[in-house]
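Need coordinates for the following:
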Amino acid sequence: MENKGGGGCAGRNGGIVMRTEFRRDVSHNYLILQGEEKVDTSAYQVRMLLGNLIPSVLKCHLESLDGQEYFCYDITSRQSVSMLFEEKKFQAEDLRRIFESFIHVMEDLTEFLMNPDQLVLQPECIYMDISAGKIYFCCLPGFHREIQEQFRELTEYILPKLDHQDHQAVALGYGIYRKTLEPGFQLEILKEAVYHNEQNKAEPLTSDKEEMDRRSFKDKKDEIVDLDSLNPQDSRRNQKEETETPYQPEKKRKVLTGRQLFYGLGVLAVLGIMVASFLGFIPWMPVEAALAAGIGILAGGAFISWIIERAKRKKEETASWRTVIKKKQDRKEEYQEPIKMEWEEEPETEAEEQKKEKQNETTGSQGTALEKEPEEELYGETVLLFEGRKSGPSAFVSREPGELATIFLEKDLTVIGKLANASDAVIPVPTVSRVHARVRQRDGEYYLADLNSRNGTAVNGTMLKGGEEYLLQDEDQVDFAQARYVFVK
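Numbering: from 1, shown residues only. The predicted structure is shown next:
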């Protein structure tokens, strides 16, 4: 098996080393876990895992190479907890989702008679489907670590990343951590802590001022109702007026277009010829010939009408493009006007003007060329977009101008995808994954990584491997599935 990327979760317990790799095929991404213990494919634990019947566990299959077995977990369109919260802080909602998912997977493992110590709780091996809001875990046969110890280490990983502005997150995180330090920590204790905290959230306390505002609003509403009831005749009269004056939409006058008029006259002419031929007024023309002639006339008319319509549409598009170009040019001139005024010199004296005129007469055509030089520089050869920019963030610029918005890389970590509430930059293209790729800025350089997207991320035609971070160079061509960009540094 070819190594497509390393790193990830690595654990060691009693000589057992867990190795991880990443691999990608045409439309799937895989996390590959391998332990040093040989896998017994006839064992109940392995058969249940490969049957992919446990809802909260990542689906996987077993591959063998050179006498070694590898578990391949499908992580397509899913992101690890370590990646999602590398820069982001844990809030109360995030903690509840993780802890509740852990409770569910423990219950699932108990139902299927699986060993919970084979669960891998490293953040790099816990994956989230952002669109569904569901969390999946890896279960690795041959991997044995006490689940209570793993869960405590998971909470220790979470504590420094808590959002301390979210008091519920702080209370829940530290409360669960203290529970894990107690001897005899059980799943029921975790359930009580998580669900008790959720019930407290569902019953928020209201202040006295809010209660008074709500009562005053209710009293005012009752007064409005009472005022309406004091004038029953007026209310009935208003209701009658509303029912007697129904909404009548404005009738639009239909205007026949030239094409519709032409088709109508053509059909009438064909019908006239056919009737005349059938009644014998045109003895020299059979009915079949009249029908063929009519169809030919209609087809020819339709073709001519299509050509005219196409030419008209092209003319309108050309006019619209000219309007857009003119507006851009006007804005450009307005922007350059104050710059030109900054370079204007103080008014010259009469003697200096005469001296300058004599110099212009001697220079002749050279002076004219010098006067035209700025205009030639401004309206001459087209330059690359953003070329020569001295400041500002780097960006991805669409290779099809006008189709996709420019992605400015202003943050240290920019997530790219089509799901608005999970991405910093949204690409509204169906083939782009909900969370597709990320760009990290370090020491003035930009590193691009694919986030297990279904259709992949390519740089200059080469697909990025799982777990790989590519150092972007100026004018690199980057493809997020079918969204094509150029990186401008």
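
show me the contacts for Gly294.
Counting by Cβ atoms under 8 Å, 6 or more residues apart in numbering, Gly294 touches 266, 269-271, 273-274. The way it works is simple: take the backbone N, C-alpha and C, and place the C-beta from them, glycine included.

Among the residues you listed, which one is most surrounded by other residues?
Ile273 (20 neighbours; other Cβ atoms under 10 Å).

Now do the same for it: helix, strand or coil?
Judged by DSSP: H, G, I helix; E, B strand; the rest coil, the three-state class of Ile273 is helix.

measure it to Ser305 for me?
Taking Cβ to Cβ, to the nearest Å as the measure, Ile273 and Ser305 are separated by 20 Å.

what's the answer for Ile54, then?
Counting by Cβ to Cβ, the gap from Ile54 to Ser305 is 64 Å.

Tell me the spacing between Gln122 and Leu140.
11 Å.

same deal with Ala132?
Going from Ala132 to Leu140 by Cβ to Cβ gives 23 Å.

can you give me the end-to-end distance of stretch 137-146?
End-to-end span of stretch 137-146 (Cα to Cα, to the nearest Å): 16 Å.

Now that stretch: average pLDDT?
If you average the pLDDT over stretch 137-146, you get 90.

List the buried residues in it.
137-143, 145 (16 or more other Cβ atoms under 10 Å).

OK, contacts around the closest residue to Asp163 other than its chain neighbours?
Distances taken as Cβ to Cβ, 6 or more residues apart in numbering place Lys89 nearest to Asp163, at 3.7 Å, with adjacent residues excluded. Shown in contact with Lys89 (Cβ under 8 Å, 6+ apart): 161-163, 166.

possible to save the residues you listed as JSON lines with pLDDT?
Formatted as JSON lines, the contacts of Lys89 follow (pLDDT from 0 to 100):
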{"residue": "Lys161", "pLDDT": "94"}
{"residue": "Leu162", "pLDDT": "94"}
{"residue": "Asp163", "pLDDT": "93"}
{"residue": "Asp166", "pLDDT": "93"}
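
List just the nearest of those to Thr180.
Leu162 (15.2 Å; Cβ to Cβ).

low-scoring stretches of the stretch 151-300 of the chain, by residue?
197-263, 266, 285, 287, 290 (pLDDT under 70).

To clarify, my last question referred to the stretch 351-489 of the chain.
351-392.

where do the strands sit along it?
Along the stretch 351-489 of the chain, the stretches classed as strands by DSSP state E, counting those that start in this stretch are 395-398, 407-408, 413-417, 425-426, 437-442, 445-450, 457-459, 462-463, 470-471, 477-480, 483-488.

The ones you listed: which one's closest to Ile189?
Comparing these by Cβ to Cβ, strand 413-417 comes nearest, at 35.4 Å.

Direction included, what does that closest one pair against?
Partners of strand 413-417 in the sheet, by DSSP bridges, are strand 425-426 (parallel), strand 437-442 (antiparallel).

hmm, who's touching the shortest one?
I take that to be strand 425-426. 396, 407, 414-420.

Switch the strands of the stretch 351-489 of the chain over to TSV; also include mean neighbour count.
Converted to TSV, the strands of the stretch 351-489 of the chain look like this (neighbours: other Cβ atoms under 10 Å):
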stretch	mean neighbour count
strand 395-398	20
strand 407-408	20
strand 413-417	22
strand 425-426	20
strand 437-442	20
strand 445-450	20
strand 457-459	20
strand 462-463	12
strand 470-471	15
strand 477-480	20
strand 483-488	20
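
Reformat those as TSV; add distance to Thr20.
Shown next, in TSV, are the strands of the stretch 351-489 of the chain (distance: least, Cβ to Cβ, whole Å):
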stretch	distance to Thr20
strand 395-398	30
strand 407-408	30
strand 413-417	22
strand 425-426	29
strand 437-442	19
strand 445-450	16
strand 457-459	20
strand 462-463	20
strand 470-471	20
strand 477-480	25
strand 483-488	29
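
closest one to Val46 among the ones you listed?
That would be strand 445-450 among the strands of the stretch 351-489 of the chain, by Cβ to Cβ, at 30.3 Å.

Give me the neighbour count for Phe303.
10.

which element is it on?
Following DSSP states H and E, one finds Phe303 within helix 287-342.

and what of Ile32?
Going by DSSP H and E, Ile32 is in strand 29-35.

which residues are in contact with that strand?
1, 8-9, 16-24, 58, 68-76, 120, 125, 127, 138, 140-143, 452-453, 466.

Grab the nearest non-local neighbour of Val105.
That would be Ser56: by Cβ to Cβ, 6+ apart, it lies 3.7 Å from Val105.

Would you mind listing the residues in contact with that neighbour?
Contacts of Ser56 (Cβ under 8 Å, 6+ apart): 101, 104-105, 108, 135-137.

how close does it get to Cys139?
In terms of Cβ to Cβ, Ser56 sits 9 Å off from Cys139.

same question, Ile147
11 Å.

what sits in contact with each of those two?
Leu119.

quick one: Glu400 and His61, what's the gap?
Relative to His61, and taking Cβ to Cβ, Glu400 is found at 39 Å.

burial count for the spatially closest residue to Ala169 that is not a sequence neighbour?
Of all residues not flanking Ala169 in the chain, Ala92 sits nearest, at 4.2 Å (Cβ to Cβ, 6+ apart). If you count neighbours by other Cβ under 10 Å, Ala92 ends up with 20.

Also the one 3 residues further on?
The number of residues packed near Leu95 is 24, by other Cβ under 10 Å.

swap in Gly296?
Residues near Gly296, counting by other Cβ under 10 Å: 11.

Report the separation between it and Ala289.
10 Å.

again, but for Val39
Distance from Val39 to Ala289, by Cβ to Cβ: 82 Å.

Show me which of these two is the more surrounded one.
Neighbour count, other Cβ under 10 Å: between Val39 and Ala289, Val39 has more, with 19 against 13.

residues in contact with the more buried one?
So Val39 contacts 46, 62, 69, 71, 141-142 (Cβ under 8 Å, 6+ apart).

how about a cut-off of 7 Å?
With contacts defined as Cβ atoms under 7 Å, 6 or more residues apart in numbering, Val39 is in contact with 46, 62, 69, 141-142.
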